[in-house]
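What follows is a predicted protein model with its sequence.
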Amino acid sequence: MNPDPRAYGAGAARAAGPTPKDPRRWPALILLFSFVALMWVVEAADQVIQAAVGSPGLDDDGVRPLTTDGLLGILFQPFLHGGWGHLIGNSIALLILGSIIALSGLAPLIRVTLVSWVASGVVSWLLGGVGTVHIGASGIVFGYIFYVIVRGLFTRSFLHLIIGVLIGFYYGLGALAGLSPLQDGVSWQGHLGGAIGGVVAAYGHRRDRKPRAVTAGQVRWTAGPPR
């Protein structure tokens with residue numbers, strides 16, 4: 001008795017495995033631009049408040065190291081900036097680097113953003129120094145920079161390696177300078193935390209090096225084996 005031909009079809013489909021989904025690039029880009037737009041809305045509100053009641057406005061709600069209420073600043077830190085120039089610089093870097101990451105999909109963008117966000121805030125809170133306030137999205141920017149630079153080492157993708165090298169040449173010296181504790185008024189602690197977060201997020205994309213079973217020749221019988 002010949003086997004049901006549909007069994008071969010079922011087996012072929014099972015052997016081929018699920019069809020990979022295309023990266024969700026447009027949702028990632030929409031999320032990125034919305035995030036940056038929210039930063040501008042908050043800064044505009046901060047400028048209005050400062051004009052009405054004076055400094056520091058909303059900026060005092062950033063990360064205040066080693067204080068219990070200062071922990072809430074981790075949530076607000078990326079949305080608070082010391083003026084339009086500070087915001088513009090961070091916005092340009094976020095949009096350029098974030099768009100590169102968004103081409104790989106929504107999940108990578110969310111992962112590196114959240115990990116860098118939290119790591120930057122935590123390191124600022126731990127090492128920032130009592131009596132200081134840390135604001136700005138620079139920690140996430142540094143997370144993006146280091147994520148893009150080292151991602152190719154973990155994914156072993158030639159394209160990722162090339163992009164990482166180019167970003168390293170463009171941002172390398174500036175990124176290293178941003179990690180220096182010798183600059184006054186610069187949150188090197190937040191930059192350091194963001195850089196650590198970017199590397200950790202990139203490590204999460206490492207390829208599975210375990211051998212995979214070959215299933216191309218397997219057949220799953222849907223109506224029992226032939227008799």
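Yep, it's here.

From here on, just use CA atoms for contacts and neighbour counts.
Noted.

tell me the average confidence for the helix or strand residue 198 falls within?
Taking DSSP states H and E as the definition, residue 198 sits inside helix 188-203. What helix 188-203 shows for mean pLDDT is 95.

Next: stretch 133-144.
96.

check contacts around residue 113.
140, 143-144 (CA atoms under 8 Å, 6 or more residues apart in numbering).

How about the spatially most central residue of the chain, nearest residue that isn't a chain neighbour?
Nearest residue to the geometric centre of the chain (CA atoms, centre = their mean): residue 112, 2.0 Å. Among residues not flanking residue 112 along the chain, residue 201 sits closest, at 5.2 Å (CA to CA, 6 or more residues apart in numbering).

how much space between that neighbour and residue 97?
Remark: distance between residue 201 and residue 97 (CA to CA, to the nearest Å) = 15 Å.

Comparing the two, which residue is more hemmed in?
residue 201 (26 against 18; other CA atoms under 10 Å).

And the strands in the chain?
With DSSP state E, there are no strands along the chain.

So, low pLDDT: which residues of it?
1-22, 207-227 (pLDDT under 70).

so where do the helices sit in it?
All helices of the chain, identified by DSSP state H, fall at 5-16, 25-53, 73-76, 84-102, 106-127, 138-155, 158-178, 188-203.

So which of these is nearest residue 61?
helix 73-76 (5.7 Å; CA to CA).

Can I get the closest one in PDB, CA atoms only?
Listed next in PDB are the C-alpha coordinates belonging to helix 73-76 (Å, rounded to 0.1, in the frame of the first residue of the first chain):
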ATOM      1  CA  GLY A  73      15.300  59.800  38.400                       C
ATOM      2  CA  ILE A  74      16.400  56.700  36.600                       C
ATOM      3  CA  LEU A  75      12.900  56.700  35.000                       C
ATOM      4  CA  PHE A  76      13.000  60.400  34.000                       C
END
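
for that helix, which positions count as buried?
Going by neighbour count (16 or more other CA atoms under 10 Å), the buried part of helix 73-76 is 73-74, 76.

Same question for stretch 147-158.
So for stretch 147-158, counting by 16+ other CA under 10 Å, buried means 147-155.

okay if I get the residues you listed as JSON lines plus distance to residue 165?
Listed next are the buried residues of stretch 147-158 as JSON lines, based on distance: CA to CA, whole Å:
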{"residue": "147", "distance to residue 165": "12"}
{"residue": "148", "distance to residue 165": "9"}
{"residue": "149", "distance to residue 165": "6"}
{"residue": "150", "distance to residue 165": "9"}
{"residue": "151", "distance to residue 165": "10"}
{"residue": "152", "distance to residue 165": "9"}
{"residue": "153", "distance to residue 165": "11"}
{"residue": "154", "distance to residue 165": "14"}
{"residue": "155", "distance to residue 165": "14"}
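
and of those residues, the nearest to residue 25?
Distances from residue 25 to the buried residues of stretch 147-158, taken by CA to CA, are shortest for residue 148, at 16.4 Å.

Pretty sure the closest one sits against residue 101.
Yes: assessed by CA atoms under 8 Å, residue 148 is found in contact with residue 101 at 7.3 Å.

Report the set of residues contacting both of those two.
Common neighbours of residue 148 and residue 101 (CA under 8 Å, 6+ apart) do not exist.

Just the CA atoms of stretch 50-70, as PDB, please.
Extracted in PDB, the C-alpha atoms of stretch 50-70 (Å, rounded to 0.1, in the frame of the first residue of the first chain):
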ATOM      1  CA  GLN A  50      11.600  77.600  34.000                       C
ATOM      2  CA  ALA A  51      10.300  80.800  32.400                       C
ATOM      3  CA  ALA A  52       7.300  80.800  34.800                       C
ATOM      4  CA  VAL A  53       8.900  79.900  38.100                       C
ATOM      5  CA  GLY A  54      12.600  79.900  37.400                       C
ATOM      6  CA  SER A  55      15.300  77.200  37.400                       C
ATOM      7  CA  PRO A  56      15.800  74.300  37.700                       C
ATOM      8  CA  GLY A  57      12.300  73.400  36.400                       C
ATOM      9  CA  LEU A  58      12.000  69.700  35.700                       C
ATOM     10  CA  ASP A  59      15.800  69.100  35.600                       C
ATOM     11  CA  ASP A  60      15.900  68.600  39.400                       C
ATOM     12  CA  ASP A  61      14.000  65.300  38.900                       C
ATOM     13  CA  GLY A  62      17.000  63.600  37.400                       C
ATOM     14  CA  VAL A  63      19.100  60.900  39.000                       C
ATOM     15  CA  ARG A  64      20.300  62.100  42.500                       C
ATOM     16  CA  PRO A  65      23.000  59.600  43.600                       C
ATOM     17  CA  LEU A  66      22.700  57.600  46.800                       C
ATOM     18  CA  THR A  67      19.300  59.100  47.700                       C
ATOM     19  CA  THR A  68      16.200  57.000  47.900                       C
ATOM     20  CA  ASP A  69      14.000  59.500  46.100                       C
ATOM     21  CA  GLY A  70      16.800  60.000  43.600                       C
END
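
No further questions, thank you.
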